[in-house]
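Novice: sequence below, structure please.
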Amino acid sequence: MSVGNKKKKYLKINMINMKPEDLYKKAIENSFSRILSENMIENVELFTEEIERLTKEFKMGIYRGRHILVIGGAGYIGSVLTRKLLAQGFKVRVLDELIYDNGSSIADLLENDSFSFIYGDFGNNEILIKALNNITDVVLLAALVGDPICKKYPELARKTNVDHPKKLLQKLIGKNINKFIFTSTCSNYGLRVDDSLANEESELNPQSLYAETKVEFERYVFENLGSLDYSPTILRLSTAFGMSNRMRFDLTISEFTKDLALGKELVVYDENTWRPYCNVSDISNAIIKVIETPKEKVFGHVFNVGSENNNYTKKMILELINKHLKNTRIEYKEGGFDPRNYRVSFDKVKRVLGYKTHFTAEDSIKQLIYALGNGLFSDIETRKKFYGNYMLTQ
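Specialist: Okay, the predicted model is just below:
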């Protein structure tokens, strides 16, 4: 860790339980210490957001620094997000039930004084109350993610993706929460009737139980906006790719790359269907961006997360892989079980939040090929539960 990062971490950690004037001083120092290396407008917004939060809490006699609860923080996205938040100087608590035997993805973080972990189901009221203690912001990643796992466990999918989040939304009222960020999915757009880019106002057309549960909770958030005393934001994520401490090889880019890099024959259905993709690091940056942006820009808003240059068909993904592998075996077929076909616009997240991605699909493909060829995932066949959302821990 650099000297600069140590300084940021020190300032954030030592904000806890200080006097009001000390907190203001630390907020100013922390915000303006970043101006030399980052965008001026972003730092002014960061400072504005922090002062507004502190002012509100001062009036209630609460003096604390930012403490983020990441529900589902040991997962594919969560284990990346948690590390980024800690590097930014936030205190972080992860609540996770570890349903894929994925505790090792965050075990090393217990050595960090700014990190804490609570094992359990966020639908359990006692566990949730414990997890929310002294928390300023909540990120909900936890869900049964993807159509295959939702089909296999439909009752649990509804409970985890709809029932528990609805209860959580109500439980946060009166808990002095600043922001609530819900990660939804671009799969909500489903099957587009034309070739136009789907934006946040486009009709939702879910084609799976997974997407249906996400749409249902989104609507519940909108229906309850008037009763919430915190700022909710919905992020519709593109299909994720990229390296993580809880790596997944059941997602399009990583699955295609893995099978071809290991010399397997790959059968691909409906190769000309479109999807948007986004690196887990870029997804994490979008979540942090919402945390640090003034409420008036994000309250009750939906943002698609990704970039237009990562809209690809399956065949285009395979062409990228074939640039870096020789003698691959691919068979194309029609009539697959997944009818989704959509491209997405990311104009709003760029325009409103100044957000941009840094990684391309080809970046990740090259990294995965290197990693697979150099023994970094030698246990991929023996730890299938860890490396994908195939089945739950019994």
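Novice: which residues of the stretch 1-150 of the chain fall in helices?
Specialist: Under the criterion DSSP state H, counting those that start in this stretch, the stretch 1-150 of the chain contains helices at 3-13, 20-32, 40-58, 78-87, 125-131, 147-152.
Novice: where does pLDDT dip in the protein?
Specialist: For the chain, the stretches flagged by pLDDT under 70 are 1-20, 23-24, 26-39, 336, 394.
Novice: mind doing that once more with 80?
Specialist: 1-44, 46-47, 51, 54-55, 57-59, 61-64, 193, 335-339, 393-394 (pLDDT under 80).
Novice: going along the chain, name the strands of it.
Specialist: 67-71, 91-96, 115-119, 137-140, 179-185, 231-237, 239-241, 265-269, 274-279, 301-305, 311-313, 329-333 (DSSP state E).
Novice: and the ones you listed as CSV, adding distance to residue 107 and mean neighbour count?
Specialist: From N, CA and C alone the C-beta is placed, and that goes for glycine too. Below are these laid out as CSV (distance: least, Cβ to Cβ, whole Å; neighbours: other Cβ atoms under 10 Å):
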stretch, distance to residue 107, mean neighbour count
strand 67-71, 15, 25
strand 91-96, 11, 26
strand 115-119, 9, 17
strand 137-140, 20, 25
strand 179-185, 23, 23
strand 231-237, 25, 24
strand 239-241, 22, 25
strand 265-269, 34, 14
strand 274-279, 24, 25
strand 301-305, 28, 24
strand 311-313, 34, 19
strand 329-333, 38, 12
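Novice: for residue 254, find the nearest of those.
Specialist: Residue 254 lies closest to strand 239-241 among the strands of the chain, at 6.1 Å (Cβ to Cβ).
Novice: what helices and strands are in contact with that closest one?
Specialist: helix 252-261, strand 274-279, helix 280-292 (3 or more Cβ pairs under 8 Å, 6 or more residues apart in numbering; DSSP states H and E).
Novice: what about the closest residue to residue 311 other than its chain neighbours, how many neighbours?
Specialist: Distances taken as Cβ to Cβ, 6 or more residues apart in numbering place residue 343 nearest to residue 311, at 4.5 Å, with adjacent residues excluded. Residue 343 has 18 neighbouring residues, counting by other Cβ atoms under 10 Å.
Novice: ok, the one 3 residues further on next?
Specialist: Other residues near residue 346 come to 28 when the count uses other Cβ under 10 Å.
Novice: report the contact partners of it.
Specialist: Residue 346 sits next to 276, 304-308 when contact means Cβ atoms under 8 Å, 6 or more residues apart in numbering.
Novice: now with 10 Å?
Specialist: 186, 197, 199-200, 236, 238, 276, 278, 286, 303-311, 355-357 (Cβ atoms under 10 Å, 6 or more residues apart in numbering).
Novice: repeat for residue 149
Specialist: 99-100, 143, 156-157, 209-210, 250, 388-392.
Novice: how much space separates it from residue 337?
Specialist: Look at residue 149 and residue 337: by Cβ to Cβ, to the nearest Å, they are 15 Å apart.
Novice: distance of the residue lying closest to residue 151 once chain neighbours are set aside from residue 148?
Specialist: Leaving aside its sequence neighbours, residue 151 sits nearest to residue 209 (Cβ to Cβ, 6+ apart; 6.4 Å). Residue 209 sits at a distance of 10 Å from residue 148 (criterion: Cβ to Cβ).
Novice: try residue 272
Specialist: 22 Å.
Novice: okay, now the residue nearest to residue 159 when sequence neighbours are not counted: neighbour count?
Specialist: Nearest non-adjacent residue to residue 159, counting by Cβ to Cβ, 6+ apart: residue 123, 6.8 Å away. Counted by other Cβ under 10 Å, the residues lying close to residue 123 total 16.
Novice: try the one 10 residues further on
Specialist: Number of residues near residue 133 (other Cβ under 10 Å) recorded here: 12.
Novice: again, but for the one 10 residues further on
Specialist: Summarising burial for residue 143: neighbours were counted as other Cβ under 10 Å, giving 26.
Novice: I figured it was touching residue 187, is that so?
Specialist: No - between residue 143 and residue 187 there is no contact under Cβ atoms under 10 Å: 12.0 Å.
Novice: shared neighbours, these two?
Specialist: Both residue 143 and residue 187 are contacted by 210, 214, under the criterion Cβ under 10 Å, 6+ apart.
Novice: how close does residue 378 sit to residue 245?
Specialist: 16 Å.
Novice: out of those two, which sits in the more crowded spot?
Specialist: Higher neighbour count among residue 378 and residue 245: residue 245, with 19 against 10, using other Cβ under 10 Å.
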